[in-house]
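Chemist: I need the structure of the sequence given here:
(chains A and B)
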Amino acid sequence: MSARTLFDKVWAAHEVVPETAETPAVLYIDLHLTHEVTSPQAFSQLKSLGLPVRRTDRTLATLDHSTPTRTEQVFGSTPIVMDAAAKQVRAMEQNCADFGVELFGMRDPKRGIVHIIGPELGASQPGFTIVCGDSHTSTHGAFGALAFGIGSTEVGHVFATQCLLQRKPKSFAVNVGGHLKPGVTAKDLILAIIGKVGVSGGTGHVLEYRGAAISALSMEERMTICNMSIEAGARAGMIAPDETTFQYLKGRPRAPSGGDWERSLARWKSLPTDPGARFDASLDIDAASLAPMITYGTNPGMVLPINGAIPLKSGDAVFDKALAYMGFKAGDAMLGKPIDVVFIGSCTNGRLEDLHAAARVLRGRKVAKGVQLLIVPGSQAVKREAEAAGLAQIFLDAGADWRESGCSMCLGMNGDLVGKGKYSVSTSNRNFEGRQGVGARTLLASPYTAAASAVCGRIADPRELL
Amino acid sequence: MQPLQVIRSKTVVMASTNIDTDQIIPARFLTVTTKEGLGKELFADWRYDAQGNPNPNFVLNQPQSKGSQVLVAGKNFGCGSSREHAPWALLDFGFRAVISSEIADIFKNNSLKNGLLPVVVDEATHAWLIGNPGADVTIDLSTNTLTLPGERRIAFAIEAFARYGLLNGVDELGYLRSKLADIERYEAARGW
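Modeler: So this is what the prediction gives:
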């Protein structure tokens, strides 16, 4: 057999019916993750057709997008303040009960952001196909899974058949040589990659991140990389499973165990791309050349090294509109710009290592006067671990607001908002207009940069505080 | 889903590149549990001011846009979030097709499943359309052609199976369910 990529292998292993000129492939889905925002219409479709969820054992549900993060609304007697959100949460509880789908409900210790809990439970595994009605499903590609976001109609298809109709995307190798310098993180690397590929450069492709710099990353860092594949327009992002992957998975509650573990391991070891396999596109980047990165515009591709200045472009109306929205001028230096809010969390940077990074900067320091620092763990498990490790106390001592898990200010659906015209340094994934609330101005960066900026009250280079 | 064959309309142009689904329908409107009625929130943050009054400078609020079924948008339309609320909102507002030089993958898939036709054209055709708002165009899915004024015909590609579904107004679930025996065989072979 000719040399195949990781993506080729995972795709081929899930073709129930291969594609033809007239029909797409019927692709089997091993794990279907679902949440309260993009599933109600799919459940309604099942109800109207009188169909069950075909494989409840391959379906996991959580509440994350519209849920409150204030403890009194999650665990206390205070109801969810937003009526529409409360209604959506109740609909999810009812749908999951009606269809027999396992739901990590509001007070469940396993609840969290859908892309945080799949990995931490060991449910996201190498070689799997994983989908969710959420574009950041690409996160799970860090395990060597083919994981991608779908719409609500397709959520219904997976509920009803455990399959999707799909055309095979093209492949794209992102070769990352060298090693990241101190203070430069996986977040900085993926922002630099998006800056190079462009926000639509990955359209129609599945990225595979490869090379020495990728192999050196922890699983949590790999998840940060794969998470933002969609911001380059890609269908998915993948990283070949290796010893780091296996060590992470071993012993997790839903990972294989006993004889199953050995059999799975043998299968997983056959997944990496064969030598000589060809990709439809490729890009090389040197990790050692990178500085901490920060965005300055209204899409994640508008990104700069933190010590850089906003480029000068004449006659580009879209560029001018983005700068006008941000209240910036071409030629401006990023360092030293005043900020109002810092958000540390999300499926991009809401894991324990991210909180350790933030704590490294915040330990013994105070949040600058007039700045709000909101730290939202990615899951209840992350919250417990951060509290046990003393991180939460460091955050509270610094003057941060420490919350229950959820998507929170990444998209502001739950009422955690930045405020009109205010500047937010955020560890999340999108700096679109209004993403963090009407008129909010988002600057995407790493947990180090976010924490350093919170302490300084302005955009700061974290390397000076590490 | 309504069968879709021919769309004849003047165009509305939104020239910005990278119009993301957060602009098409902001996240705060996603707390719905149905698909209907989202047209009033389409492009809400561009369309209305802080008091909820229509912004007269926004193209969809201008009289020439009334009744248009074809949106011509800048490159990479529909990027970002996978929310299917974006095509639902565009359809509810009255659009039946989106034309661009590039349309984001998930948005394109979601559109095809709801009867909103994503039409990807070459850069030159796209530039002409962007430069000529209000042009009378005809999109004929039975021949995969976009006809511009002066009988200029442009061929466009569309995935064969989705095209069949659109022309006949059928969704894909029926086809997928017809493959259940194959799916069961696959599961048995994998011990799944």
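Chemist: burial count for residue B:148?
Modeler: Using other CB atoms under 10 Å in any protein chain shown, residue B:148 has 18 neighbouring residues. (C-beta placed from N, C-alpha, C; glycine too.)
Chemist: low-confidence ranges in the chain?
Modeler: Picking chain A for this. Along chain A, segments meeting pLDDT under 70 span A:1.
Chemist: what sits against residue A:259?
Modeler: By CB atoms under 8 Å, 6 or more residues apart in numbering or on different chains, the contact list for residue A:259 is empty.
Chemist: in the sheet, who's paired with the spatially closest residue to residue B:108 that is not a sequence neighbour?
Modeler: Spatial nearest neighbour of residue B:108, chain neighbours left out: residue B:118 (4.6 Å); criterion: CB to CB, 6 or more residues apart in numbering or on different chains. Here residue B:118 shows beta-bridge partners residue B:98, assigned using DSSP bridges.
Chemist: Residue B:97 versus residue B:118, what's the distance?
Modeler: 8 Å (CB to CB, to the nearest Å).
Chemist: Please list the residues outside the longest strand along chain B that contact it.
Modeler: Using DSSP state E, we find that the single longest strand of chain B is strand B:6-14. Strand B:6-14 is contacted from outside by B:59-60, B:64-65, B:67-74, B:96-97, B:99, B:117, B:129-130, B:132-142, using CB under 8 Å, 6+ apart.
Chemist: Show me how to select, in ChimeraX, the buried members of the residues you listed.
Modeler: In ChimeraX syntax, the buried subset of the contacts of strand B:6-14 is picked out as below (16 or more other CB atoms under 10 Å in any protein chain shown):
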select /B:59,60,65,68,69,70,71,72,73,74,96,97,99,117,129,130,133,135,137,138,139,141
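Chemist: Can you narrow the contacts of strand B:6-14 down to the ones near chain A?
Modeler: For chain A, the contacts drawn from the contacts of strand B:6-14 by CB under 8 Å from any CB of the partner chain are residue B:74.
Chemist: so of the contacts of strand B:6-14, which ones are in strands?
Modeler: B:70, B:71, B:72, B:73, B:97, B:99, B:117, B:136, B:137, B:138, B:139, B:140.
Chemist: circling back: in its sheet, what does the longest strand of chain B sit against?
Modeler: Counting by DSSP bridges, strand B:6-14 is paired with strand B:70-73 (parallel), strand B:136-140 (antiparallel).
Chemist: how about these in TSV, adding mean pLDDT?
Modeler: As requested, these are exported to TSV (pLDDT from 0 to 100):
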stretch	mean pLDDT
strand B:70-73	98
strand B:136-140	98
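Chemist: Among the ones in strands among the contacts of strand B:6-14, which pair sits farthest apart?
Modeler: Farthest apart among those by CB to CB are B:73 and B:140. That separation is 20.4 Å.
Chemist: Would you mind confirming that residue A:311 is in contact with residue A:330?
Modeler: Yes - counting by CB atoms under 8 Å, residue A:311 does reach residue A:330; the two are 6.6 Å apart.
Chemist: Settle it for me: which of those two has more neighbours?
Modeler: Per other CB under 10 Å, whichever of residue A:311 and residue A:330 has more neighbours is residue A:330, with 15 against 12.
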